[in-house]
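Trainee: got a sequence here, can you build the structure:
(2 chains)
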Amino acid sequence: MLDIKFIRENKEIVQEGAKKKHIDFDVERLLQVDDSRLKKLKEVEELRSEHNRISNDIGRNQEPTLKVQLIEEMRGMKEELKEEEEDLKLIMEDWQRMMLQVPNVPDMSVPEGATDAENKEIKVWGEKPNFSFSPKDHIEIMTALKMADFERGTKVHGFRGYFLTGEGTRLCFAIWNYAMDFFGDKGFMPIIPPILDRKESFLGTGFLPQGEEDLYRTQDMEYLAGTSEVPIMGLHAGEILDQKMLPIKYLGFSPCFRREAGSHGKDIKGLIRVHEFYKLEQVVLCEASHETSVKFHEEINRNAEEFIESLGIPYHTVINCGGDLGLGQVKKYDIELWVPKEEKYREISSASYFHDFQTRRLQIRYKDENGKTNYTHSLNCTAIATPRILVSLVENFQQADGSIKIPEVLRKYIGGRDSIK
RNA sequence: GGAGAUGUGGCAGAGUGGUUUAAUGCACCGGUUUCGAAAACCGGCAUGCCGCAAGGCAUCGGAGGUUCAAAUCCUCCCAUCUCCGCCA
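Mentor: Residues are numbered from 1 along each chain as shown, chains lettered A, B, ... in the order given. From the prediction side, this is the model:
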């Protein structure tokens, strides 16, 4: 959510921002609704003021006949006030609905474009493997090594189901434990949040009201989060933090549930697109300055790059174009890993910042040194997602004999072994 | 799942229909005093919105309702505590 005053004072910027994001939003219409909101608010408040004044007089007045007379008078006024309040309520509902739809303004550096096809590559790292044999895809490799069972996964879960078995499971634990150490060293506090959450945190982070169809919902009207960003952002909702607490850096670990509605034809096999997976996520709350947000955005994205580099998997980083940004995002980088069999890069990480878009919705604030209350800024970036990482890991490190070479840094987390056979 | 109790500012805590613009204390901030500090004294001290300002409106866990008037009465929801049941 944006500040209505900011919108009023910068309506061209907000309108241009929506256009760049390819989101259909009419700022003029919002401002018209806001005009009527302010007008009606003034009328209602004046009536209430008069109403309160006379009510207090009645309370103070001990003379019975005058009291009865005033109470009679108030009845008529009450009717008028009720009507006006009803009008205001309707306007407010319209206003709030629109306010939740105002897209945050993308940064100047975000490239134009409608879809992810127009994201711009800004970095390439690593050497793509040259195989002396015909490489296999991750499904074939992992099935042969009994690291995963897709057929039975489908039997038990249905479409997009999978079991991780044996060394596949061990490899995940190794990656999680390595990531805990790696990101822990960078000052992130590990945290396991509730992933079955009330709707407030989804509204606050911007996954609702848009995006309802991508979420699983329970019979108690709770939702399963698709990322620990949701509950972690909810963690400090409604709080006024001490500036000395900032920046707050959390490393969330959680299962993630995604319905993948509308993507039925895509990635129908393997571990690329699944309904449930596990993810370690970097979440940062920092002071309300654009420069600080940018600094942390670069930092958390770089953390994710360094993690991938330490594993030795070739990747590139892209800056997402306007049309590929979410409602609240100001700017986003995706890190994509090389998948040899497909001969293309696939997304593993996504780093975004929001300014105060999320924290305004969630009411996460802090007092600065002047005693002024500000909304914090928020950012998040994948640390590592499993089992998707396994796709690139097993395909890039597959050997002629069908085994997989384990990256140096992971070995101590998997019993010192250097390969999976 | 059942029964009961409770929910008031950063904290403690008064307030059960109308001089409550939410008492009082603690904490915190500023001042006086002091070489400096403590103590004492004086002042300030919730949040949001409208307004250039004066000022006004709203908020006592949340949402509705009754009333001329609600922290106070009613309904539903949420949370906490105590007990019972169930359970990894």
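Trainee: so A:Ser350 sits in a strand?
Mentor: Yes. Counting by DSSP: H, G, I helix; E, B strand; the rest coil, A:Ser350 is part of a strand.
Trainee: burial measure for it, as a count.
Mentor: A:Ser350 is flanked by 21 other residues according to other Cβ atoms under 10 Å. Any C-beta I mention is one placed from the backbone N, CA and C, and that applies to glycine too.
Trainee: excluding covalently adjacent residues, which one is nearest to it?
Mentor: Excluding the flanking residues, the one nearest A:Ser350 by Cβ to Cβ, 6 or more residues apart in numbering is A:Asp334, at 5.2 Å.
Trainee: using the three-state scheme, assign the one you found.
Mentor: Using three-state DSSP, the structure places A:Asp334 in strand.
Trainee: that one bridge partners, please.
Mentor: Note on A:Asp334: beta-bridge partners by DSSP bridges are A:Val318, A:Ser350.
Trainee: just the helices in chain A please.
Mentor: Counting by DSSP state H, chain A has these helices, from start to end: A:4-9, A:11-20, A:27-60, A:64-99, A:138-144, A:150-157, A:166-184, A:199-205, A:229-235, A:290-311, A:357-362, A:388-396, A:408-411.
Trainee: just the buried positions in the shortest one, please.
Mentor: Within helix A:408-411, the residues scored as buried using 16 or more other Cβ atoms under 10 Å are A:Val409, A:Leu410.
Trainee: what does it rub up against?
Mentor: The contact list for helix A:408-411 (Cβ atoms under 8 Å, 6 or more residues apart in numbering) reads A:Leu171, A:Ala174, A:Ile175, A:Tyr178, A:Ser310, A:Leu311, A:Gly312, A:Arg417, A:Asp418.
Trainee: mind redoing it with 7 Å?
Mentor: Residues from elsewhere that reach helix A:408-411, judged by Cβ atoms under 7 Å, 6 or more residues apart in numbering: A:Ala174, A:Ile175, A:Tyr178, A:Ser310, A:Leu311, A:Arg417, A:Asp418.
Trainee: filter those residues by proximity to RNA strand B?
Mentor: Among the contacts of helix A:408-411, proximity to RNA strand B is found for none (Cβ under 7 Å from any atom of the strand).
Trainee: pull the most distant pair out of those.
Mentor: Farthest apart among those by Cβ to Cβ are A:Ser310 and A:Arg417. That separation is 17.8 Å.
Trainee: what parts of the stretch 301-421 of chain A come near RNA strand B?
Mentor: Taking Cβ under 7 Å from any atom of the strand, the part of the stretch 301-421 of chain A that reaches RNA strand B is made up of A:Arg365, A:Thr373.
Trainee: ok and the residue in the stretch 301-421 of chain A nearest RNA strand B?
Mentor: Using Cβ to the nearest atom of the strand, A:Thr373 is the residue of the stretch 301-421 of chain A that sits closest to RNA strand B, at 4.3 Å.
Trainee: pretty sure that residue contacts A:Thr359?
Mentor: No. Counting by Cβ atoms under 7 Å, A:Thr373 stays clear of A:Thr359, with 11.6 Å between them.
Trainee: more neighbours, those two?
Mentor: Applying other Cβ under 10 Å to A:Thr373 and A:Thr359 shows that A:Thr359 carries more neighbours, namely 24 against 9.
Trainee: would you agree the more buried one is in contact with A:Asn374?
Mentor: No. Judged on Cβ under 7 Å, A:Thr359 makes no contact with A:Asn374 at a distance of 9.2 Å.
Trainee: circling back to that earlier point, wait, the residue nearest to A:Ser350 touches A:Arg346, no?
Mentor: No. The criterion here is Cβ under 7 Å, and A:Asp334 misses it with A:Arg346 at 9.9 Å.
Trainee: neighbour-wise, which of these two wins?
Mentor: Neighbour count, other Cβ under 10 Å: between A:Asp334 and A:Arg346, A:Asp334 has more, with 23 against 17.
Trainee: list the contacts for the more buried one?
Mentor: A:Asn119, A:Val318, A:Asn320, A:Glu347, A:Ser349, A:Ser350.
Trainee: the third one: neighbouring residues, count only.
Mentor: Neighbour count of A:Asn320, defined by other Cβ under 10 Å: 24.
Trainee: with the first one instead?
Mentor: In terms of burial, A:Asn119 registers 21 neighbours under the definition other Cβ under 10 Å.
Trainee: do you know the pLDDT at the closest residue to it other than its chain neighbours?
Mentor: Spatial nearest neighbour of A:Asn119, chain neighbours left out: A:Val318 (4.1 Å); criterion: Cβ to Cβ, 6+ apart. Predicted confidence (pLDDT) for A:Val318: 97.
Trainee: circling back to that earlier point, hmm, which two among the contacts of A:Asp334 are most spread apart?
Mentor: Greatest spacing in the contacts of A:Asp334, by Cβ to Cβ: A:Asn119 and A:Ser349 (13.5 Å).
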